[in-house]
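**Q** got a sequence here, can you build the structure:
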Amino acid sequence: MKQILIVLALVLSSFASAESILLLETRYDSSTDYLPEFQMNKSLGRAWVNVVEAVYNGDSTNYTDNRVKIPGMSYVAADRSIVIERNGEVIKCAELYNRRFILDGGNSIRLTDRCSFSQQKVKVQVDNGYEVRTVKMMQVFLNVE
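**A** Have a look, this model is predicted:
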């Protein structure tokens, strides 16, 4: 019984240590998709998240880039990875690899199990000084474990 409680406590503590970083908050639109991805500048050792907004208008699609700089995030050339430093711990969020059928020079980015992206629709109360309205918002997060 004690072992079950210890395992349960460890699992719950791992969830408690997860951090969600808000990347983008914008008004919800059903014709828009949000596609977060890591990007980097290898020569400067910098990394960031780019949230691409894809707005569908009939037969065409318009794309908008939203670069988000995250404190503590960088590119490490030695092991070809994107890392983030949190509370003195260096967490590998993504690594570069070479796709099998695409000759991209090893520049494809694969997420590790320590980082993930998520999206959430929320309702927010907005007070414009005259009335309070409920507005649907879309939030995009980077989850770091």
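**Q** lowest average confidence, helix or strand, in this protein?
**A** Least confident helix or strand, the chain: helix 2-16 with a mean of 48, by mean pLDDT, DSSP states H and E.
**Q** give me the distance between Ala77 and Ile91.
**A** Using C-beta to C-beta, to the nearest Å, Ala77 is found at 17 Å from Ile91. Any C-beta I mention is one placed from the backbone N, CA and C, and that applies to glycine too.
**Q** between those two, who's got more neighbours?
**A** Per other C-beta atoms under 10 Å, whichever of Ala77 and Ile91 has more neighbours is Ile91, with 18 against 12.
**Q** quick check: pLDDT value at that one.
**A** pLDDT recorded at Ile91 is 95.
**Q** can you give me the buried ones in the helix or strand where it lies?
**A** Element membership for Ile91 (DSSP states H and E) is strand 89-97. Buried residues in strand 89-97, defined by neighbour count with 16 or more other C-beta atoms under 10 Å: 91-96.
**Q** could you do stretch 129-145 as well?
**A** 138-142, 144.
**Q** got those as TSV, with secondary structure columns?
**A** Shown next, in TSV, are those (DSSP: H, G, I helix; E, B strand; the rest coil):
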residue	secondary structure
Met138	strand
Gln139	strand
Val140	strand
Phe141	strand
Leu142	strand
Val144	strand
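**Q** kindly indicate which of the residues you listed lies nearest Leu24.
**A** Lowest distance from Leu24 to the buried residues of stretch 129-145 (C-beta to C-beta) belongs to Val140, with 4.4 Å.
**Q** pretty sure that closest one contacts Ile21?
**A** No. Counting by C-beta atoms under 8 Å, Ile21 is not a contact partner of Val140; they are 9.8 Å apart.
**Q** for Asp33, which residues are in contact?
**A** 53-54, 56 (C-beta atoms under 8 Å, 6 or more residues apart in numbering).
**Q** brilliant, that's me finished.
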